[in-house]
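Novice: sequence plus the predicted model coming up.
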Amino acid sequence: MKAIVQDRYGTPDVLEFSDIDEPVVGEGDVLVRVRAAGCGPDVWHFMSGLPYLARPMIGFRGPKVRVRGWDLAGTVEAVGPNVTRFKAGDDVMGTCETGSFAEVAVTPQDKLVPKPATLTFEQAAAVPVSGCTALQAVSDVAKVRAGQKVLVIGASGGVGSLAVQIAKALGAEVTGVCSTAKVDLVRSIGADDVIDYTQEDFADGRRRWDVIVDTAGRRPLSKLRRALDSKGTLVIVGGDGGGRWTGGFFRGVLRAPLVSVFVGQRLHGLSVKEDQPTLLALSKLIDAGDVTPVIDRTFPLIEAPEAIRYLEQGHPAGKVVVTVTA
């Protein structure tokens, strides 16, 4: 089969469009003909091997998993003897630890759910990683309730655009932060108010929010706290920014919880778990019409390196998706 593989860390130049053996289906596995795969910061981290803090998990000298890609949407081709939830011909979405930038992928059945009928394969591929991140940040960690004021920083991105819609579905009053070019997009997905960060500082002291979800990952903790209610909750998503050793993970995973011990605000980093219950909850929101994934651009599989270069140029308006088979 064709796949995007790499044998060393680096820029998108290390990615190769190659022929490799099809994966072996285990007893509890599902073989999926991949139709589309999401492309986000997770793919960039695995490709670059940065920050170095992640190397014990992804491979010290080179990637443990050669094929890139994490989330996918496609059609079941075969199942292992212990699989009870899916059969050949089912359309599914989910995650794949062995790489989804490939014509065929294998993943355990508990990493998949049926693809919502209202979504295209490209839209479905935009959901798993970004959707689990957004839902767990907004609902599980921040525990957003109806009537609360929620600020989503990076509201036009793959995670942020879903976080805005989820918070709205929970009854919150949502303000999105984005650049000038993306203000209309953020309004269109339901934000009650939009702050253009090139024109206005959300932390100028004029307003405070009950919950802040920071998907941009680069602002100082002190600035975020100035915009947060004295008893509010901050959730820091992702590890962008920072140095090559720890990236931005130190701020969210270590520093924020430590500061929480000494202040009235609840400050959290997010450790995402892409699991079936979260994917099912997302599917319900999608089926109800409360959430629709936003896609910025699609690239064919052979141009996956260009998709990652596009990510590196700036924050996309929604998710970047790699299309695999028609």
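Specialist: Thanks, I have it.
Novice: drop to CA atoms for contacts and neighbour counts, all remaining ones
Specialist: Will do.
Novice: now for D214: which residues touch it?
Specialist: Taking Cα atoms under 8 Å, 6 or more residues apart in numbering, we find D214 in contact with 152-154, 234-237.
Novice: now the most centrally placed residue in the chain, what's its secondary structure?
Specialist: By Cα atoms, centre = their mean, the chain has its centre lying nearest to S130, at 2.3 Å. The three-state assignment at S130 reads helix, by DSSP: H, G, I helix; E, B strand; the rest coil.
Novice: what's the neighbour count on the closest residue to it other than its chain neighbours?
Specialist: Excluding its sequence neighbours, the residue lying closest to S130 (Cα to Cα, 6 or more residues apart in numbering) is V159, at 4.7 Å. A count of nearby residues for V159, using other Cα atoms under 10 Å, gives 31.
Novice: so when I look at V159, I'm seeing a strand, right?
Specialist: No. V159 is assigned helix when assessed by three-state DSSP, not a strand.
Novice: got the contact list for V34?
Specialist: V34 sits next to 72-75, 100, 102-105, 324-325 when contact means Cα under 8 Å, 6+ apart.
Novice: not counting sequence-adjacent ones, nearest residue to it?
Specialist: Excluding its sequence neighbours, the residue lying closest to V34 (Cα to Cα, 6+ apart) is G74, at 4.4 Å.
Novice: the one you found contacts V92, correct?
Specialist: Yes. Counting by Cα atoms under 8 Å, V92 is a contact partner of G74 at 5.6 Å.
Novice: quick one, which of the two is more surrounded?
Specialist: Shown here are G74 and V92; by other Cα under 10 Å, G74 has more neighbours (29 against 25).
Novice: which strands or helices does the helix or strand hosting the more buried one pack on?
Specialist: Using DSSP states H and E, G74 falls within strand 71-79. Packing contacts for strand 71-79, counted by 3 or more Cα pairs under 8 Å, 6 or more residues apart in numbering; DSSP states H and E, involve strand 29-39, strand 91-95, helix 121-125, helix 128-135.
Novice: ok, which stretches of this structure are helices?
Specialist: Remark: helices assigned in the chain by DSSP state H are 41-48, 55-58, 121-125, 128-135, 158-169, 183-188, 221-226, 249, 256-260, 276-287, 304-313.
Novice: dump those helices into TSV; add mean pLDDT as well.
Specialist: What follows is these, written out as TSV (pLDDT from 0 to 100):
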stretch	mean pLDDT
helix 41-48	91
helix 55-58	82
helix 121-125	98
helix 128-135	97
helix 158-169	98
helix 183-188	98
helix 221-226	92
helix 249	57
helix 256-260	72
helix 276-287	98
helix 304-313	95
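Novice: minimum distance to S18: which of those has it?
Specialist: helix 304-313 (12.1 Å; Cα to Cα).
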